[in-house]
Every structure is written in C-alpha cells, then in structure tokens.
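Q: need a 3D model of the sequence below.
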Amino acid sequence: MKDINLSYSRLHVVALCLLFFLSGLPDVHAQVKAIRQDEAIGNFGIGHFLNQPEKKMQSAQLKGKVLLFDFFSIWCTSCIAAMPRMDSLQKEFGNKIQIILVTRNTDKEVNKLFDRIKLRIPNLAVITQDTLLNKLFPHYGEPHHVWIDQQGIYRLATFEYNATRQNVQDFLDRKSMKMSHKKDNIYKDAPLIEQAGTFSNLVDSYSILMRGLFEYTFDSPIIVEKDSVSGFPRAFKAVNANPLNLLQSAYNTEVYGYDYPIFGSKVNKRLIIEVNDRIALSEPRNTRQLDDWKRKNLWSYEVKVRPDSSGHLYRKMRSDLEAVLPYKGVIESRRTKCYVLIKTADSLERKGASLSSESKVLMQKGTFTLVNSSLLPFVSKLNQSDRLANPVIDQSGVTGPVDLQIKIHSLSDIEMLREELKRYGLAITEKELMIKQLVIRDK
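A: This is a model prediction of the structure:
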C-alpha cells in the first residue's frame, strides 16, 4: 500500500488490477491464462511470422536463450524508432538472445508502414496478427518489452528504452537490473480519485497530487473537462507530467486568452524559463538516466472544482502546484517580437450562420480547413508550429464565422503562408508588442 495526499488527508490506496479485454480472439485461445512475473512460460506455439505465414515454432525451442518479446503497433513511433537498435542487439548477442517483434497488425499494414517511412524491415522475427502473446502477456499500450530468462521464466516487463547493450548483458549475467518494471494496472479513463477509494460520488471538489505513475502506465494524458451547462473548466487530470507541463496547464489559458493545448504541442512561444537548474524540466537524452529522472520529476495530478467561474480551476491548480513544486509561475507583460495577423480586404467567404452551427476544423488531404468557424483554431495552429519563431497575435478584427483553406506545409513557412492568405484578404506582419508571457522561476 502507498500513502497519498488527498485534500490534505492521507489515504491508503488499494492496488487495482487492470481488466484486459482483447476482442476477436479465436476460440482456441479463449481460456488462455496470463503469465505472471516469475512464472515459467511453459510451451506454446508461436506463429504467423511476417511474410512467412507457414512458419511455426514452439517456445520450448528457445529455452537456453534470453527471449525478449517487443510488442509494437504501426501507430507507435517510439516502437518503430527503436527497431534498428533491437536489430543491432540481436546481431551483437547472436544465439544468446532471441528478440521477437509482436503486433496485432496484419502483414499488409506492417509492410505498408515500412514502405511509407522508407525503413528497412529489421532482420528479426516479426509476428503479425497476434492473438495469443498479447493474452499471455497482457499490457496497456506499446512499446512493451517482456524479458524471459534462459530457464524460461518471465522476469520483467519494461519500456523500449531499457533495451540497451548493458542491460541485455546484465540480464544474461543474472545481475541486478537497475531499471523500472512496467506495471499496467491503472485505468486510463477512470479518475484517479476513484482508484484511491470508493467514495468519489460523494466528493464535490478535491485535488490529488502524487508522484509519477510511469511504472504503472506508459500513457501520459493531459485532460481538461468542462461543465456541460456553464462551459467553465471544472476538472483537470494529468498522468506522468513534468513540472513544466503542469505549470503551463495552470497558466496558459490566461496567457493566450484561449485553451492552448499542452499535449501534442512541441513549443510554447509565450514561455520564459528563468531557473537555475533546468534538469528537472526536460527528459535527459541519456536513456540510462531516464528512469531515475522520471522517479524524481514526474507527477500525476487531478483536481475538480465547482464550475462557478471561468478561472476557478486554474487558480486552484496554481495554489496546489506551487505548494509542492520548487517553482512558481508569474504572468508578465513583456515586449516581444510577434507575427501579427491583420485584415487587408473583405475577401473571407462568410457563411453568415452562428459559430455554433456546424462549425468544423479539418486536417485532411494536405490542407488545414475551417468551415463556418472563427479564426481562433487557425491562430492556435500557427502558435503550435515549431517552424514559426514568434508568437502569432490576431489583430484582424474578424469575429464572425469564416471559411478558410490553407496548405498544411504553409503553416510552417511564413512566406508561403503570406501568399496563401492574400486570397482571403489577410496578411501577416512583424511587430514588437507588449504581450503576456508565462515566466517560470525558482521559488
């Protein structure tokens, strides 16, 4: 059991087991039982290898080697990026180890992926259309590595960055492994408060702040929930977030004047960091340091308030975070070089309907499209571009719904963007303006 802080009282958290539901399994696997850590894996058939559907083998044939199952999906970029390294490990350790890539995706989907990204298919065994191994070693999310020792004992599950030359050698030599075990027993979609007890339906408002859960879930969502009646933000949840992302979440709406997304955004052009030691604010490049960094610097945080004002949630977040973190956030007006969106002519196609009537924001077929929408999603998208150096400020004065279609690659090239905007009577100029900036300082 762990002690956690919940609205300044201490709770004992009872660990919950994650219920895995894997649909589409054939009847022959319907009663397959998951293998637990430190259990023998026994003997089972391994089949449906990429481009070799007739190839079969038994797990018992691999006894005497270290067996590493690398679970991936075609949508997992870190899985794909790690494949050349896994290929190199197999070549280096030869018959001492057997690395097998495992996916639920089909041969067609996997081959299409490698063709599209121009990556050579690794010289490794690749199991596709898997229905068995995902049930024997259930997990939430990829990448997911399962390590089985020479005696056929399932020893641990890890993240993909733990598969290094040194760790493989230590595992072969049965040395102590200084890396985190991946434990997938947290519900992604359930509130954290529900996993701390069974009384959440009685709670009107609360906050819970705990250390990161990266050993329990690979996921790192940042979610804001708005009240269905008032539209005010009333709940926030972040799992495995660093201090910088938490502080930005608490301040960015006031800085930008709209909900600037943290999750999925590479840059924040209205962020200034003035701290003595930046190590805690970004992941180290050396993967051998990554687990220790996560233990020290990742947080999971959930807060819920009464939706009685637009800023109530964020004020509560600032108070909670600054009571615990060694940093504070301050909003200051600073003179900043900006890109400014202005109107040069009345060329925008207007639908004339209200903003709430079938407003759409689309990204497809190489274009960014607004249909009967305000310009806000367009300005937000420009601010998220890591190719545009300056913040983008809307001074066009356009408030009504508009239609707009811009080539996606123009969003990262200021000159191409200017050309695209001409036909809509819009332009982008450069000015120095006094704008709000989020400044992060040591307390």
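
Q: low-confidence ranges, the stretch 1-150 of the chain, go.
A: Within the stretch 1-150 of the chain, the stretches with pLDDT under 70 are 1-31.

Q: strands of that one, residue ranges please.
A: Applying DSSP state E, counting those that start in this stretch to the stretch 1-150 of the chain gives strands spanning 2-6, 9-13, 45-49, 52-58, 66-71, 97-102, 125-127, 144-148.

Q: in JSON lines: those, plus mean neighbour count.
A: Backbone N, C-alpha and C define where each C-beta goes, glycine included. Output for the strands of the stretch 1-150 of the chain, formatted as JSON lines (neighbours: other C-beta atoms under 10 Å):
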{"stretch": "strand 2-6", "mean neighbour count": "14"}
{"stretch": "strand 9-13", "mean neighbour count": "12"}
{"stretch": "strand 45-49", "mean neighbour count": "17"}
{"stretch": "strand 52-58", "mean neighbour count": "12"}
{"stretch": "strand 66-71", "mean neighbour count": "22"}
{"stretch": "strand 97-102", "mean neighbour count": "22"}
{"stretch": "strand 125-127", "mean neighbour count": "20"}
{"stretch": "strand 144-148", "mean neighbour count": "24"}
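
Q: looking at those strands, spot the one closest to Pro391.
A: Pro391 lies closest, by C-beta to C-beta, to one member of the strands of the stretch 1-150 of the chain: strand 2-6, at 36.3 Å.

Q: any idea which helix is longest in the chain?
A: helix 77-93 (DSSP state H).

Q: which parts of that helix are buried?
A: Buried residues in helix 77-93, counting neighbours by 16 or more other C-beta atoms under 10 Å, are found at Cys79, Ile80, Ala82, Met83, Met86, Asp87, Leu89, Gln90, Phe93.

Q: this structure: helices as residue ranges?
A: With helices called from DSSP H, the chain shows them at 77-93, 107-117, 133-136, 165-172, 243-256, 290-297, 312-324, 376-384, 414-422.

Q: most tightly surrounded among those helices?
A: Greatest average neighbour count among those goes to helix 243-256 (a mean of 22), per mean count of other C-beta atoms under 10 Å.

Q: sorry, back to before: so which of the buried residues of helix 77-93 is the closest to Lys237?
A: Of these, the one sitting nearest to Lys237 (C-beta to C-beta) turns out to be Cys79, at 25.3 Å.

Q: state the distance from that closest one to Phe159.
A: Cys79 sits 11 Å away from Phe159, going by C-beta to C-beta, to the nearest Å.

Q: which neighbours do these two have in common?
A: Pro143 (C-beta atoms under 8 Å, 6 or more residues apart in numbering).

Q: who are the contact partners of Arg387?
A: Leu411, Ser412, Asp413.

Q: and if you look at Arg285?
A: So Arg285 contacts nothing (C-beta under 8 Å, 6+ apart).

Q: give me phi/psi at it?
A: phi -80, psi -30 (degrees, to the nearest 10).

Q: what about stretch 61-74, distance to the chain center?
A: Centre-to-centre, stretch 61-74 and its host chain are 25 Å apart (C-alpha atoms, centre = their mean, to the nearest Å).

Q: who wins for proximity to Gln395 among the strands of the stretch 1-150 of the chain?
A: Per C-beta to C-beta, nearest to Gln395 of these: strand 2-6, 44.7 Å.

Q: need the strands of the stretch 1-150 of the chain in CSV with distance to Ala238, can you?
A: Shown next, in CSV, are the strands of the stretch 1-150 of the chain (distance: least, C-beta to C-beta, whole Å):
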stretch, distance to Ala238
strand 2-6, 15
strand 9-13, 18
strand 45-49, 39
strand 52-58, 43
strand 66-71, 25
strand 97-102, 30
strand 125-127, 35
strand 144-148, 22
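
Q: closest to Tyr251 out of the ones you listed?
A: Among the strands of the stretch 1-150 of the chain, strand 2-6 sits nearest to Tyr251 (C-beta to C-beta), with 22.5 Å.

Q: quick revisit: ok, which of the strands of the stretch 1-150 of the chain comes nearest Ala34?
A: Closest approach to Ala34 among the strands of the stretch 1-150 of the chain (C-beta to C-beta): strand 144-148, 11.4 Å.

Q: show me what that closest one is packed up against.
A: strand 66-71, strand 154-158 (3 or more C-beta pairs under 8 Å, 6 or more residues apart in numbering; DSSP states H and E).

Q: the longest helix of the chain to helix 165-172, inter-axis angle?
A: Interaxial angle, helix 77-93 versus helix 165-172 (axes from the mean of the first three to the mean of the last three C-alpha atoms, to 10 degrees): 60 degrees.

Q: how many neighbours does Gly329 have?
A: The number of residues packed near Gly329 is 23, by other C-beta atoms under 10 Å.

Q: residues in a beta bridge with it, which ones?
A: Beta-bridge pairing for Gly329 (DSSP bridges): Ile440.
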